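>>> generate a structure from the sequence data that follows.
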Amino acid sequence: MGRSTILFLLLVILLAGCGRGAKLLPTPFPTTGPTVTPGGIGPVELTVSELMSAPGLYIDVPVRVTGLLRKQPLIICDTNLYPSPATWGLAEEGVLALAGGLDQQVRSLLPDDLAMTVEGRWRRWQGLVGCGKQAQQREVWYLEADRIISPSPLTQVTLTPASGEAIAAVTAEVTPTTDPSFGENPQEIPAQTPQVGELPSPESTTETDLGAFPNPTSDIPGGQTLRPTPPLTTTQTIAATPAATPATTPAAGTGTPDTSPTVTPGGTPPTPTATTAAGGSGQVVARGNLYDVMDNDFITATLGGGTTDSWEIDIFEGEPLTVHVVAPAPADIIVSILKNGTPVVNRQNTAPAGSPEIINNAPLQGEGLYEIQVTTVGGASTDYALTFFTEPDNGMIIIPGMIVSGNPRSAVELPENSYHYWFFVGKAGDDVTIVLTPLGNEDVGIYLYAPDGEQLGSADVGLEGDEEVLEFTLTANGLYAIGIEELYSEALEYNLELTIE
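Got it, this is the predicted structure:
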């Protein structure tokens, strides 16, 4: 019995020692959870017309816009260049939304009139645009593009390797056809080997970012040249899509108006004609020759609903032509220039409603009689103001835009030997106060013009650096003009404020 007791005690002691040496390990659990992708609201999908009908509604908002590519003319300067952020645009039925960004791909790889869908943020930019001292203060609404949704680069870019062989079609339309030798059983269709130049599969090109697409002629490792050879499972017939007719010409604000025409007082009443507006429809109203009807540096008129106003102008050999047209929002101006009924500028609409539409240095076709046609998006009736310039050495007459009560314009730059004409809508009985403040020591003057062009008042009594104040009670309804000048034709930077009570 004693021996059994001793063995039992030894066994208990050994078991207790083993228990103290063992360590309890926790059950292992994953230390990281799944990656959470934060949700967000995608870009607003808009047509060009929807975007330009209310540009202020989408400032800094991500948008996706579809339209036809319109490359804007590049500014080439001998002096300092002040570029616009918008270098191309998307057009739709005569309406243009300017855009900027991805210039290397857009300007060098994609053809005009190509249907595109682009994502980016809608921006409003203000600054100088033009060359040297002739640069103008401009307001530019544009799409800051960061991604091209369509076309995908492989299906829409003509790739030309070092050998000079074109290996991809531009703007291809795919029409599947069936080879009779295949039989009617889809399983009997033989496998095919991909060929260079065939259209890539949608899976390989969906929503590709063109901004990240490499140079098509760049070398890849091994001394080879980039050649897309995507797989196809059927025989396909590729037909080129017809190019659309360009609907917009040079961008507003890509240059500077140069001069004022010599005018002869007179007038010609509007005469309806049966001709058709460039690129559009509706009655064209002949307004007469601008040299005969302009009493000042500008003219104001009323555009009837659904009509197009036509102004004649004589151009002599070697003369340039710059045209400014502005109307109060929501009217959105469209301007065309024709010679012998053929458009040389076809329905330009590059500025949002309420901003001036500017055709700078129009691509004229020699001397002769030209037409300037004015209409609006949607055929809306509106008052508008127009001026033109053909003599670069006689100074610049500039329409910066519309001004409204309680919304002052600040740090506006007027080039030397130039004049500004701002426009506003007034009513009979309105008490108007205009305050012009130079930001330097310049001597400034203000001039107020009635809708018929008559000068109503002026203010230029102050000394150099003094502000000028003009007060007047309006006697008619319509579009009024405010003229601004530096009395010694020096360059000027100023603030302008309009109050209507």
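>>> CA only for contacts and neighbour counts going forward, please
Will do.
>>> the closest residue to S381 other than its chain neighbours - how many residues pack around it?
Nearest non-adjacent residue to S381, counting by C-alpha to C-alpha, 6 or more residues apart in numbering: G305, 4.2 Å away. In terms of burial, G305 registers 15 neighbours under the definition other C-alpha atoms under 10 Å.
>>> got it, and the one 5 residues further on?
S310 is flanked by 28 other residues according to other C-alpha under 10 Å.
>>> please, which helix or strand holds it?
strand 307-315 (DSSP states H and E).
>>> next SSE after that strand?
Tracing the chain C-terminally past strand 307-315 and defining elements by DSSP H and E, one meets strand 322-326 next.
>>> for the helix or strand following that following strand, packing partners?
As assigned by DSSP H and E, the chain's next helix or strand after strand 322-326 is strand 333-339. In terms of contact count using 3 or more C-alpha pairs under 8 Å, 6 or more residues apart in numbering; DSSP states H and E, strand 333-339 is assigned the packing partners strand 322-326, strand 342-348, strand 357-359, strand 368-376.
>>> okay, those in TSV with mean pLDDT, distance to N441 and mean neighbour count next?
Converted to TSV, those look like this (pLDDT from 0 to 100; distance: least, C-alpha to C-alpha, whole Å; neighbours: other C-alpha atoms under 10 Å):
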stretch	mean pLDDT	distance to N441	mean neighbour count
strand 322-326	95	30	24
strand 342-348	94	39	21
strand 357-359	93	31	29
strand 368-376	96	40	22
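>>> who wins for proximity to Q105 among those?
Nearest to Q105 among these is strand 342-348 (24.4 Å), distances taken as C-alpha to C-alpha.
>>> in its sheet, what does the closest one sit against?
With DSSP bridges as the criterion, the sheet partners recorded for strand 342-348 are strand 333-339 (antiparallel).
>>> who touches the strand it pairs with?
By C-alpha atoms under 8 Å, 6 or more residues apart in numbering, the surrounding residues in contact with strand 333-339 are 94, 278, 325-327, 343-349, 353, 357, 365, 368-377.
>>> do that again at 7 Å, thanks
The contact list for strand 333-339 (C-alpha atoms under 7 Å, 6 or more residues apart in numbering) reads 278, 327, 343-349, 357, 369-377.
>>> and if you look at stretch 62-79?
Residues contacting stretch 62-79 (C-alpha under 7 Å, 6+ apart): 43-48, 87-92, 107, 112-122, 131-132, 250-251, 254.
>>> just the buried ones from the residues you listed, in PyMOL syntax?
Buried members of the contacts of stretch 62-79, defined by 16 or more other C-alpha atoms under 10 Å, are picked up in PyMOL with:
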select buried, resi 45+47+48+87+88+89+90+91+92+107+112+113+114+115+116+117+118+119+120+121+122+131+250+251+254
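>>> among the contacts of stretch 62-79, which are in strands?
Secondary structure defined by DSSP state E assigns 44-47, 88-92, 115-122, 131 of those to strands.
>>> what are the contacting residues of stretch 371-381?
With C-alpha under 7 Å, 6+ apart as the test, stretch 371-381 has contacts from 303-313, 331-339.
>>> mind running it again at 6 Å?
When contacts are taken as C-alpha atoms under 6 Å, 6 or more residues apart in numbering, the neighbours of stretch 371-381 outside the stretch itself are 303-306, 308-312, 332-338.
>>> now the buried members of these.
Buried members of the contacts of stretch 371-381, counted by 16+ other C-alpha under 10 Å: 303-304, 306, 308-312, 332-338.
>>> of all the residues you listed, which two lie farthest apart?
Distance extremes for the buried ones among the contacts of stretch 371-381: the farthest pair is E312 and D332 at 21.8 Å, using C-alpha to C-alpha.
>>> other SSEs contacting the helix or strand containing L143?
Secondary structure here is read from DSSP H and E; on that basis L143 sits in strand 136-150. For strand 136-150, the packing partners by 3 or more C-alpha pairs under 6 Å, 6 or more residues apart in numbering; DSSP states H and E come out as strand 95-100, strand 115-131.
>>> wait, isn't P356 in contact with V323?
No - the pair P356 and V323 fails to qualify as a contact (C-alpha atoms under 6 Å) at a distance of 9.8 Å.
>>> can you pull the contacts of the residue nearest to D431 when sequence neighbours are not counted?
Of all residues not flanking D431 in the chain, T473 sits nearest, at 4.5 Å (C-alpha to C-alpha, 6+ apart). Residues counted as contacts of T473 (C-alpha under 6 Å, 6+ apart) are G429, D430, D431, V432.
>>> let's see the ChimeraX selection covering just the buried ones among these.
Selection command for ChimeraX covering only the buried members of the contacts of T473, criterion 16+ other C-alpha under 10 Å:
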select :430,432
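>>> now the contacts of T473 as JSON lines including distance to Q137, secondary structure and pLDDT?
Putting the contacts of T473 into JSON lines (distance: C-alpha to C-alpha, whole Å; DSSP: H, G, I helix; E, B strand; the rest coil; pLDDT from 0 to 100) gives the following:
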{"residue": "G429", "distance to Q137": "33", "secondary structure": "coil", "pLDDT": "96"}
{"residue": "D430", "distance to Q137": "29", "secondary structure": "coil", "pLDDT": "97"}
{"residue": "D431", "distance to Q137": "29", "secondary structure": "strand", "pLDDT": "97"}
{"residue": "V432", "distance to Q137": "25", "secondary structure": "strand", "pLDDT": "97"}
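>>> JSON lines for the contacts of T473, including distance to E464?
Conversion of the contacts of T473 to JSON lines gives the following (distance: C-alpha to C-alpha, whole Å):
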{"residue": "G429", "distance to E464": "33"}
{"residue": "D430", "distance to E464": "30"}
{"residue": "D431", "distance to E464": "27"}
{"residue": "V432", "distance to E464": "24"}
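>>> ok, so of the contacts of T473, who is nearest Q126?
When the contacts of T473 are compared against Q126 (criterion: C-alpha to C-alpha), the nearest one is V432, at 26.9 Å.
>>> sounds good, over and out.
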